[in-house]
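Q: predicted model, plus sequence, below.
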Amino acid sequence: MLFQPTYFSPIIQFEKVVQVEKCIFEIHDNYQKQTYRTRLSIYTPQGRQDLIIPIKHKKGIKLMTKEIEIDNSYKWQRLHFKSLQNFYRSSPFFEFYEDDLAPLYEKQEKYLLDLLLKTQELSFEMLQLEFEIKKTTKYLVDYPINQDFRFLDNPKLSIDQTFRKYIQVFDAKHGFIPNLSILDLIFNEGPNAVNILSLR
């Protein structure tokens, strides 16, 4: 199946991933704004919140995703990791994965795509999933519709799906919030996260 590499992808993407033996990541597309390529959604005391990766913009120039550079003049890594620590410290499994996450937020990456692929690999490791991961060699507009899941990178997508509920840190305040980042599921369910993803 074909996926868009995204920033600690939304749960819906991983529900598709666990159904296959091979993942192909799109690396030859044009960059699209306001997608999960630059944001991950977490649960905070105020409800859903997005953590955004700042990028360097070039007006009037259309770039491929692999050409997009991260704007590391902002201290975004420190902010993102601190937010994860603050909002998930009380989750059952955060401390178990914290040391795996830390290096990702200590080393600066120049290109967005390199960072996204690292978050994909780390997600697979935390979920203890072993997949054959491949990358596209060229961009294909037409791809078998039942195998093309690049559209899942769109936060505004209306997904007609009932998500399997699990206990979330602040659900007593706001109830269950579906389709957050895979990190929300991992921090709350730990090794059981794969079972939650598979029960669809």
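A: Okay, I see it.

Q: now do the same contact list for residue 155.
A: 10, 34, 35, 36, 39, 41, 50 (CB atoms under 8 Å, 6 or more residues apart in numbering). For glycine as for every other residue, the C-beta is placed from the backbone atoms N, C-alpha and C.

Q: list phi and psi for the residue sitting furthest away from the middle of the chain.
A: No residue in the chain sits farther from the centre than residue 60, which is 27.7 Å out by CA atoms, centre = their mean. Taking degrees, to the nearest 10, you get phi 70, psi 0 for the backbone angles of residue 60.

Q: again with residue 40
A: Here is the backbone geometry of residue 40 (degrees, to the nearest 10): phi -130, psi 140.

Q: show the contacting residues for it.
A: Contacts of residue 40 (CB under 8 Å, 6+ apart): 7, 8, 50, 51, 80, 181, 183.

Q: ok, back up a step: against residue 35, how distant is the residue farthest from the centre of the chain?
A: 20 Å (CB to CB, to the nearest Å).

Q: what of residue 110?
A: For residue 110 relative to residue 35 (CB to CB), the value is 20 Å.

Q: neighbour count winner among those two?
A: The residue with more neighbours, out of residue 110 and residue 35, is residue 35; 20 against 10, by other CB atoms under 10 Å.

Q: the closest residue to that one other than its chain neighbours: neighbouring residues, count only.
A: Of all residues not flanking residue 35 in the chain, residue 153 sits nearest, at 4.4 Å (CB to CB, 6 or more residues apart in numbering). Residues near residue 153, counting by other CB under 10 Å, number 26.
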